[in-house]
Structures are given as structure tokens and as C-alpha cells.
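Peer 1: Kindly return the folded structure for what I paste below:
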Amino acid sequence: VRGLALTRDDLVRRSVIMALMCQGELLFEPMEQSWLIDFRSFFAAELEQLEELAAQGLVTIDQEGITVTALGWFFVRGVAMVFDRHLQVDRNRARFSRII
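Peer 2: Residues are numbered from 1 along each chain as shown. Alright, predicted model coming up:
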């Protein structure tokens, strides 16, 4: 048998990434109810990184959630990468797949 065992953290992050990349928005309340987390504290570091993307006009962040803007759709992969723990750990390692 082969495969990867996903942790709860992996599953939560997958849910966040899928919401952003597929729907273009993430609502905090349904995510908190589904995973029994406080989104803002669970993803405090990621929300701080997302502020830079918000300043560039790629996303909007409010009390309800995160929304990818029309401009942000061109860079939605980069927005989602903020929530990928494995990419954040390997930041210094060369990657074949870059946004630009």
C-alpha cells in the first residue's frame, strides 16, 4: 500500500486552498464550524502574509472572510500558496513550479 497520511492540519489547509482556488472566496464562519477552529488564530501568520497581497489588490480581507479580486484571479495560485505549510517550510529550496 502506498500513499500519504494526511494530518488534520493538512485537511484544514486543503479545504482553505480549495475554497480560494475554486470559489474565489473563503468565509471564516463555515470554516470554523466545519473544523472547530478559530480561523484568525489558527492562520494568524498566513493572514499577516495575506495583508501584503491585499495591499497589492489581489485579495480583500474583511470580518466575513477572504475574497480573491479580479486581478487576484491571475495570481490565485500565489494566494493559495500562502496557506500551504509544506511550501512555506521549503521556501529556500529551488522549485520547478513558480507563479512568474
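
Peer 1: where exactly do the strands run in this structure?
Peer 2: Using DSSP state E, the strands of the chain run over 25-27, 59-61, 65-68.

Peer 1: which of those sits most buried?
Peer 2: Most buried of the strands of the chain by mean neighbour count (mean count of other C-beta atoms under 10 Å) is strand 65-68; its value is a mean of 21. (Glycine included, C-beta is placed from N, CA and C.)

Peer 1: centroid residue for this protein?
Peer 2: Residue closest to the mean C-alpha point of the chain, counted by C-alpha atoms, centre = their mean, is F83 at 3.4 Å.

Peer 1: Does that one touch R13 like I think?
Peer 2: Yes: taking contacts as C-beta atoms under 8 Å, F83 lies within contact range of R13: 5.3 Å.

Peer 1: rewinding a little: name the nearest residue to the residue nearest to the centre of the chain, sequence neighbours excluded.
Peer 2: V16 (4.9 Å; C-beta to C-beta, 6 or more residues apart in numbering).

Peer 1: Could you do E25 as well?
Peer 2: Excluding the flanking residues, the one nearest E25 by C-beta to C-beta, 6+ apart is T67, at 4.5 Å.
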